[in-house]
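1. Provided below are the primary sequence and the corresponding predicted coordinates.
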Amino acid sequence: MNDAETDILVERVGRIAIIKLNRPAAMNAVNASLRASLTQTLVGLDTAPDVDALILTGAGERAFCAGQDLDEALTISTDSLAGWLNHQHAMYQAVRDVKKPIVAAINGTAVGAGFQMTLMCDLRVAHPDLKMGQPEVKAGLASIVGSYLMSLQIGHSLNQQLSLTGELITGERAYQLGLVNDLVLSEDVLSRAIDRAKYLASLPTHAFRATKEHFRHLTQAGFEQACTAGIRYQLECYSTGQPALVMQEFLSSRHGAKVK
């Protein structure tokens with residue numbers, strides 16, 4: 001069995017489908033096989049007649065998703081960057097295009113791409129102690145798509161602070177800011193997400209989907225502009241060599257810690 005067959009798990013609670021990002025040893029970081037598998041899974045479940053709503057969560061207790069897989073990111077050059085980001089944006093679009101209710105059960109760390117995926121879900125459930133945010137600048141990368149998505153949820157000044165500093169916030173702080181809808185104990189995150197999903201699924205289907213489609217249309221142009229700008233700015237960042245240096249240093253320190 002290859003990674004593409006195992007990096008996404010789907011469990012069922014009645015007519016609710018629970019999608020688990022399943023790379024717990026890598027804190028569910030996004031790599032090529034996870035991107036492709038998640039995109040395919042979302043499309044399949046959104047059209048499945050026996051599924052009323054979806055939940056997106058992470059396997060294990062440490063992380064929802066720790067963003068891009070750094071081992072993969074280190075292999076990207078300015079020649080391959082645009083294609084790599086286009087695959088990433090296709091995965092994001094698959095989350096945005098889900099017509100059925102989709103709730104993020106944020107069970108642990110959600111940063112970078114992981115944080116962005118939660119913002120694309122209809123509702124978000126988290127616990128107080130987890131960490132969330134956009135640490136891209138600390139990795140030598142521009143915070144473009146994430147800052148756009150945050151602009152739909154919070155004001156410009158705070159968005160600028162979080163995007164420019166790369167600082168992470170707790171689940172409790174995210175709830176206070178409106179980035180999270182429900183704050184519960186860590187052991188209750190999934191059950192609350194299931195309750196939320198069941199409620200959304202119980203609403204008149206056409207009215208729910210039409211309202212959701214309207215929100216998507218309102219933000220689609222801005223999202224596409226952010227994705228296009230992301231390629232341009234990340235090309236500039238990668239051309240400096242800084243992202244590779246920062247990521248290599250981080251991976252070296254992490255692997256060194258494992259050896260010890």
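-> Yep, that arrived.

2. Identify the single longest helix in this protein, thanks.
-> For the chain, the helix reaching the highest residue count under DSSP state H is reported as helix 205-240.

3. in that helix, what's buried?
-> Along helix 205-240, the positions that meet the burial threshold by neighbour count (16 or more other CB atoms under 10 Å) are 208, 212, 216, 219, 223, 226, 227, 230, 231, 234, 237, 238. C-beta: built from backbone N, CA, C; applies to glycine.

4. so where's this protein uncertain?
-> Low-confidence segments of the chain, defined by pLDDT under 70, are located at 1-5, 254-260.

5. Give me the number of neighbouring residues for residue 71.
-> Residue 71 sits with 12 neighbouring residues when counted by other CB atoms under 10 Å.

6. How about it, nearest residue that isn't a chain neighbour?
-> In space, residue 71 comes closest to residue 251 once its chain neighbours are excluded; the distance is 7.0 Å by CB to CB, 6 or more residues apart in numbering.

7. separation between the one you found and residue 190?
-> Computed with CB to CB, to the nearest Å, the distance linking residue 251 and residue 190 is 31 Å.

8. check contacts around residue 91.
-> Shown here is residue 91, whose contacts under the criterion CB atoms under 8 Å, 6 or more residues apart in numbering are 30, 35, 38, 39.

9. Now that we have these, which of them are buried?
-> Judged by neighbour count, with buriedness set by 16+ other CB under 10 Å, the buried members of those are 30, 35, 38, 39.

10. can these go into a markdown table with extra columns for distance to residue 21 and secondary structure?
-> Formatted as a markdown table, these follow (distance: CB to CB, whole Å; DSSP: H, G, I helix; E, B strand; the rest coil):
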| residue | distance to residue 21 | secondary structure |
| --- | --- | --- |
| 30 | 8 | strand |
| 35 | 11 | helix |
| 38 | 7 | helix |
| 39 | 12 | helix |
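
11. can I get these in a markdown table with distance to residue 245?
-> As requested, the buried ones among the contacts of residue 91 are exported to a markdown table (distance: CB to CB, whole Å):
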| residue | distance to residue 245 |
| --- | --- |
| 30 | 21 |
| 35 | 25 |
| 38 | 29 |
| 39 | 31 |
